[in-house]
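Q: Okay, here's the prediction I keep looking at, along with the sequence it came from:
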Amino acid sequence: MPLEPEIASLVNDFIGAGRPSSRSQTYEARRAGYVASTVLAGDIEQRVNVEDVVIDGISLRVMSPLNAAQILPAVIYFHGGCFVSGGFTTHDNQLRQLAFFSGCRVIAVQYRLAPEHAYPAAHDDAERAANLIREHAGRLGVDRRRIAFAGDSAGAHIALITALRLRDAGQWLPQQLVLIYPMIDATASSASHQRNGFDYVLTSDTLLSGFEAYYPDTDFMHPEVSPLWRDDFSGLPPVHIITAEYDPLCDEGEMLFTRLTEQGVSCTAQRYPGVIHGFFQLGGISQMARNAMRDIATRLSTL
């Protein structure tokens, strides 16, 4: 399918500018650019309450539908940004919408970013945050029996690893995982890196430079760097994977579906046509982004 017209305009502007590489930017510039892109997210959802909370040094943003029940199912959300950028500001509108449309309490986690904080800082923060949210479920208005993990890009990677760590600890598991174009193979070996890796704004170079910044001293085949190649997925809760047609990560997300299914995990996957990596945050210009939001919210509303 052709690119959505508004996304095609972004792509044409990127190509026209000479396909600028994120490697030529400072991390401060990358972060500022990500924040600036939030103008493409659409009108800010106002039908929610938003509260910032700090528990034992972990920063959380809690988004709840207006006039919600005191106790709700929860979605613990890990933001994208290639391990080097992103946070509450970049994901504010999407998570407001997710809370409103799903009826869940959405809790965003701010984890430490590279290169200031290398592996395993972000993963450790995420695991600790998940356990703290469950431990403080009463304070946060969370039904601890109905918790899901979700995330986009690097955040989807973190959601998956956090679930695997919790499974290995034998303590508890989320009820489901929603992985939005997960960033799960630092070897960039799938064909979609060649097919989609150069022209579609968020390039292979952008993604791989994030892996390099966060994992400067770790082998790229380590199971917490490239979890796509793991053979120990059994025991995970149901997983839903979202991919984008023009994303360098498209094939690896679909390969993950195959590998999870082969290892006995209940898994579904959906490829959204005509869109690029990061499209979930383009609801102001992308009908597919709006469709994906409703689809994800409907899935999570069954918690």
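A: Arrived safely, thanks for sending. Numbering: from 1, shown residues only.

Q: quick one: contacts for Val48?
A: 63-66, 96, 99-100 (Cβ atoms under 8 Å, 6 or more residues apart in numbering). C-betas here are computed from N, CA, C, even on glycine.

Q: Of those residues, grab the buried ones for ChimeraX.
A: This is the ChimeraX syntax for the buried subset of these, where burial follows 16 or more other Cβ atoms under 10 Å:
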select :63,64,65,96,99,100
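
Q: so of the contacts of Val48, which ones are in strands?
A: Among these, the members falling in strands (DSSP state E) are 63-65.

Q: that older thread, out of the contacts of Val48, who's nearest Val35?
A: Of all these, Val35 sits closest to Arg96, with 16.1 Å by Cβ to Cβ.

Q: From Ala159, how far out is that closest one?
A: 19 Å (Cβ to Cβ, to the nearest Å).

Q: Also Asp125?
A: 13 Å.

Q: the more surrounded of these two?
A: Between Asp125 and Ala159, counted using other Cβ atoms under 10 Å, the more crowded position is Ala159 (28 against 22).

Q: Show the pLDDT at the more buried one.
A: Reported pLDDT at Ala159 in the predicted model: 99.

Q: what sits against it?
A: Contacts of Ala159 by Cβ under 8 Å, 6+ apart are 76, 78, 126, 149-151, 177-179.

Q: right, and the helix or strand after the helix or strand it falls within?
A: For Ala159, the element it lies in under DSSP states H and E is helix 154-169. Using DSSP H and E, the helix or strand that directly follows helix 154-169 along the chain is strand 176-180.

Q: all strands of the chain, in order?
A: 48-55, 58-65, 72-78, 105-110, 142-152, 176-180, 239-244, 267-272.

Q: Let me know which of those is the nearest to Arg31.
A: Nearest of these (Cβ to Cβ): strand 105-110, 13.0 Å.

Q: what does the closest one contact?
A: So strand 105-110 is contacted by 58-64, 68, 72-79, 87-88, 91, 95, 98-99, 125-126, 129-130, 133, 140-142 (Cβ under 8 Å, 6+ apart).

Q: Same question for stretch 81-90.
A: So stretch 81-90 is in contact with 27, 30-31, 34-35, 37-38, 52, 59, 61, 79-80, 108, 110, 113-115, 122, 153-155, 183, 206-207, 209-211, 213-214, 281, going by Cβ under 8 Å, 6+ apart.
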